[in-house]
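>>> Fold the following and give me the result.
(2 chains)
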Amino acid sequence: MIHLAKEDIKHTFGKFIVTAMGVGMLLGIVLIMIGVYRGMIVDAEVLLDDLDVDIWIVQEDTLGPFAESSRVHEDLKNTIKAIEGIDKSEAITFQNIQLPRADKKVRVMAVGYDIFGEINPINPQRLIAGRTLKHDHYEIVVEEKTGFKLYDKIKLSRHYYTVVGITHGAVSSGGDSLVYISLKDAQELQFSYSNKRIYSDRARGIYNKDSHMVNAVIATVKDGYSIDEIADTIQKWHHKSVYTKEEQKIVLTRNLIEKASKQIGLFTAILILVSTIIIALIIYTMTLEKMKEISIMKLIGLPNSTIIKMIVEETLLLGIFAFIFGNIFSHLIYSKFPKRVVLEIPDAWMLFTIIIIASILASFIGVKKVINADPTAAIGG
Amino acid sequence: MSAQQAIKVENLNKSFGSGDTFVDVIHDASFTIYKGELVALVAPSGAGKTTLLMMIGCVDTPVSGKIWIGDEKVYDNKWLTKTTRKIRREKLGFIFQAHYLIPFLNVIDNLVLLPQANKVDEKVAKTKARELLKYFDIAEKEKAMPSQLSGGQNQRVAIARALVNDPEIILADEPTAALDSARSIDVVKMLKKIAKEQDVAIVMVTHDERVLPYCDKIMKIENKKTVFEDVSAVK
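Numbers count the residues shown, from 1 in each chain, chains lettered A, B, ... in the order given. Next up is the predicted model:
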């Protein structure tokens, strides 16, 4: 049985492969775009999963520190702790800071926590060197991508912090590395000002009363108690906004990265459309190049179905080869991206399905050309 | 035993356009060609040779008339079959000025393509194709691509392709146009041999008067009508 598509591709194999590689690169970028989106979701959930708390208590009428400014009193943790059903509660701070490195500044999100408290945000499985914080001041645990090494000294505000631990894969929803400092240091960094600023404030009658503020209080609930009921109680009686872990996840994955995901989705859709158009143009050109042969095939009596099968099979093979190259390409380059890129098999299969449908659609233009081809065009040299 | 009819045409008409652009090309043409005959179709440029060839080849549609391929009436003021392509595939063979082999298929696949479309068993089709390649003395080239063959070898493969589906008629559109005198005569002699040995009617459009003496009949288009001329007159 002669497979016209296979024989035609064999005849111009180099050209076909280079073409498939070109389209494959486009598809690889599509896979990377989807991977960036998946990476954003994974990044957004890292901190929540590492903390693994049931309830987030934040400033009233705010979505919490990841979405907007939130300040609550540190001692709120004691009030929360006293509520029936609460197992552990701790105060926590989050702030974006720039770590000064010799060559450049590194943007990170600093997590401040009570090192003697009940909840430790550092996931021991992420710790690849050193230890967690042991002293109340001037120690820092950094993520490996910050480029700092154990015992490096980092100047923050007025003090030098010693790197005592290095983690792997601890990132914020924005993709910034997470660093961990003690709650006291975090409060000082966040709420204490320089001496000149303090003088200036005092001259205006302003005294720094905010140093015992935190961004959120987090808590776990004892077994047998309803998380939602406790959350409702706190919200009702303590004039705070309260989110469960799932709600906080929604805030992080929907509210915060919604626009980014829409942007990526739009880019992805445009790239798929461009790929389809390119495949269609390639198939159209390939069909045009074969018009003489197609006219002869029609003249000698080959049915349209045989010729159309050749065009459709060639388009599908181009799509399949491009998809394979796209996967290879994306797997070769994904680790070079500064933010996390997560390539998942279901996404690849989804893209495969789209490309097969797109290839069939793209082949229509070639098929139309075949149907309209004039067999008498073969006559007359 | 009388020769079998291969093509019969009755009152065939073909015109193009209408009003000021109306052109009458073939008017009331009637003729019969028998199996085993090599017929040269001769006329000045633009007289309608190729148009007539395409009508009896079931490619171009006449305005009116009747056409038989073998004993089967295929046209009676309209095509009598759903698709004319099946007639071409099963009953006709075509030879062109150039070989027009499919460049991405090797010699044997070029020959097997048509029988495959006719649902002929692959082994049977290949056996037939190999017989033809042997007949044309190019058996050793069956795996070669057309680009690897000489012009003469490609033309022989093209003729073999025209014969592979055991056609009743071969329609040849100026098969000697690109050849020198000696090779033209060789090709026409070969076509005549094929017509006799394969019992097939061959209608050959030609401008080349040097090959006419080697044909069985000469059909001319004069004043839009077809007329047969005695071959002995051109010898």
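>>> I'd like the mean pLDDT over the helix or strand harbouring B:Asn13, please.
Assessed by DSSP states H and E, B:Asn13 sits inside strand B:5-16. Strand B:5-16 comes out with an average pLDDT of 93.
>>> How about stretch A:104-122?
In the prediction, stretch A:104-122 has an average pLDDT of 93.
>>> Could you pull out the buried residues of that stretch?
Under the neighbour-count criterion of 16 or more other C-beta atoms under 10 Å in any protein chain shown, stretch A:104-122 has A:106, A:108-115, A:119-122 buried. (Each C-beta comes from the backbone N, C-alpha and C, glycine too.)
>>> Between the two ends of it, how far is it?
26 Å (C-alpha to C-alpha, to the nearest Å).
>>> Distance from the chain centre to it, please.
Computed by C-alpha atoms, centre = their mean, to the nearest Å, the chain-centroid distance of stretch A:104-122 equals 21 Å.
>>> Same question for stretch B:140-157.
Going by C-alpha atoms, centre = their mean, where stretch B:140-157 is centred and where its chain is centred differ by 20 Å.
>>> residue contacts, the one residue in the stretch 1-150 of chain A that gets nearest to chain B?
Ranking the residues of the stretch 1-150 of chain A by distance to chain B (C-beta to the nearest C-beta) places A:His11 first, at 3.5 Å. Each residue near A:His11 by C-beta atoms under 8 Å, 6 or more residues apart in numbering or on different chains is listed here: B:103-104, B:145.
>>> repeat that with 10 Å
If you count contacts by C-beta atoms under 10 Å, 6 or more residues apart in numbering or on different chains, A:His11 has them with B:102-106, B:145, B:147.
>>> Ok, A:Gln59 next?
By C-beta under 10 Å, 6+ apart, the residues touching A:Gln59 are A:65, A:68-72, A:213, A:215-216, A:239-241.
>>> Can you report phi and psi for the closest residue in space to it that isn't next to it in sequence?
In space, and not counting its chain neighbours, A:Gln59 is closest to A:Ser70: 4.1 Å by C-beta to C-beta, 6 or more residues apart in numbering or on different chains. Main-chain dihedrals, A:Ser70, degrees, to the nearest 10: phi -140, psi 130.
>>> Across the sheet, point out what pairs with the residue nearest in space to the middle of chain B.
Nearest to the geometric centre of chain B sits B:Leu171, at 0.8 Å (C-alpha atoms, centre = their mean). Beta-bridge pairing for B:Leu171 (DSSP bridges): B:Phe94, B:Val203.
>>> What pLDDT does the model give it?
Confidence score, pLDDT, at B:Leu171: 93.
>>> so how far is B:Leu191 from it?
11 Å (C-beta to C-beta, to the nearest Å).
>>> swap in B:Leu111?
Per C-beta to C-beta, B:Leu111 is found 18 Å from B:Leu191.
>>> B:Gly36 too?
In this view, B:Gly36 and B:Leu191 are 12 Å apart by C-beta to C-beta.
>>> So those two - more neighbours on which side?
Per other C-beta atoms under 10 Å in any protein chain shown, whichever of B:Gly36 and B:Leu191 has more neighbours is B:Leu191, with 25 against 19.
>>> For that one, pull up the helix or strand it's in.
Using DSSP H and E, the element containing B:Leu191 is helix B:181-197.
>>> Using PDB, write out every CA atom in that helix.
Extracted in PDB, the C-alpha atoms of helix B:181-197 (Å, rounded to 0.1, in the frame of the first residue of the first chain):
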ATOM      1  CA  SER B 181      13.400  13.100 -35.200                       C
ATOM      2  CA  ALA B 182      15.000   9.700 -34.600                       C
ATOM      3  CA  ARG B 183      13.700   9.300 -31.100                       C
ATOM      4  CA  SER B 184      10.200  10.600 -32.100                       C
ATOM      5  CA  ILE B 185      10.000   7.800 -34.700                       C
ATOM      6  CA  ASP B 186      11.200   5.300 -32.200                       C
ATOM      7  CA  VAL B 187       8.500   6.300 -29.700                       C
ATOM      8  CA  VAL B 188       5.800   6.200 -32.400                       C
ATOM      9  CA  LYS B 189       6.900   2.800 -33.500                       C
ATOM     10  CA  MET B 190       6.800   1.700 -29.900                       C
ATOM     11  CA  LEU B 191       3.300   3.000 -29.500                       C
ATOM     12  CA  LYS B 192       2.200   1.200 -32.700                       C
ATOM     13  CA  LYS B 193       3.700  -2.000 -31.300                       C
ATOM     14  CA  ILE B 194       1.900  -1.500 -28.000                       C
ATOM     15  CA  ALA B 195      -1.400  -0.900 -29.800                       C
ATOM     16  CA  LYS B 196      -1.000  -4.200 -31.600                       C
ATOM     17  CA  GLU B 197       0.400  -6.300 -28.800                       C
END
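>>> for that helix, which positions count as buried?
Within helix B:181-197, the residues that qualify as buried by neighbour count (16+ other C-beta under 10 Å) are B:184-188, B:190-192, B:194-195.
>>> for it, what is the average pLDDT?
Helix B:181-197 shows a mean pLDDT of 87.
>>> now swap in stretch A:217-230 and tell me
Stretch A:217-230 comes out at a mean pLDDT of 94.
>>> before we move on, what about stretch A:266-276?
88.
>>> what's next to that stretch, contact-wise?
A:23-27, A:29-34, A:36-37, A:319, A:322, A:326, A:351, A:354-355, A:357-359, A:361-362.
>>> let's see it at 7 Å
A:23, A:26-27, A:29-30, A:33-34, A:354, A:358, A:361-362 (C-beta atoms under 7 Å, 6 or more residues apart in numbering or on different chains).
>>> now stretch A:159-173
Residues external to stretch A:159-173 that are found in contact with it (C-beta under 7 Å, 6+ apart): A:43-44, A:46-47, A:66, A:109, A:122, A:126-133, A:138-144, A:148-154, A:177-178, A:181, A:252, A:256-257, A:340.
>>> got the CA coordinates for it in PDB?
C-alpha atoms of stretch A:159-173 as PDB (Å, rounded to 0.1, in the frame of the first residue of the first chain):
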ATOM      1  CA  HIS A 159      22.100  45.600  61.300                       C
ATOM      2  CA  TYR A 160      24.000  42.800  59.700                       C
ATOM      3  CA  TYR A 161      22.200  39.500  59.500                       C
ATOM      4  CA  THR A 162      24.000  36.200  59.300                       C
ATOM      5  CA  VAL A 163      22.700  33.500  56.800                       C
ATOM      6  CA  VAL A 164      22.200  30.500  59.000                       C
ATOM      7  CA  GLY A 165      20.100  28.300  56.600                       C
ATOM      8  CA  ILE A 166      19.400  27.900  52.900                       C
ATOM      9  CA  THR A 167      16.200  26.500  51.600                       C
ATOM     10  CA  HIS A 168      15.200  25.200  48.100                       C
ATOM     11  CA  GLY A 169      12.000  26.200  46.300                       C
ATOM     12  CA  ALA A 170      10.600  28.500  48.900                       C
ATOM     13  CA  VAL A 171       8.900  31.300  46.900                       C
ATOM     14  CA  SER A 172       6.100  33.800  47.200                       C
ATOM     15  CA  SER A 173       3.100  34.000  44.900                       C
END
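>>> tell me which residues in it are buried?
A:161, A:163-167, A:169-173.
>>> again, but for stretch B:26-43
Buried residues in stretch B:26-43, counted by 16+ other C-beta under 10 Å: B:26-27, B:29, B:31, B:33-43.
>>> got the contact list for the nearest residue to B:Ile26 once chain neighbours are set aside?
Using C-beta to C-beta, 6+ apart and skipping the chain neighbours, the partner closest in space to B:Ile26 is B:Lys14 (4.2 Å). Going by C-beta under 7 Å, 6+ apart, B:Lys14 touches B:25-26, B:51, B:55, B:62-63.
>>> circling back to that earlier point, in strands only, show me the buried residues of stretch A:159-173.
A:161, A:163-167 (DSSP state E).
>>> and for stretch A:237-244, what are the contacting residues?
A:54-62, A:64, A:72, A:79, A:227-228, A:231, A:234-235, A:251.
>>> Please report the number of neighbouring residues for B:Trp68.
B:Trp68 has 18 neighbours, counted by other C-beta under 10 Å.
>>> Do I have it right that it meets B:Glu10?
No - using C-beta atoms under 7 Å, B:Trp68 makes no contact with B:Glu10, being 8.3 Å away.
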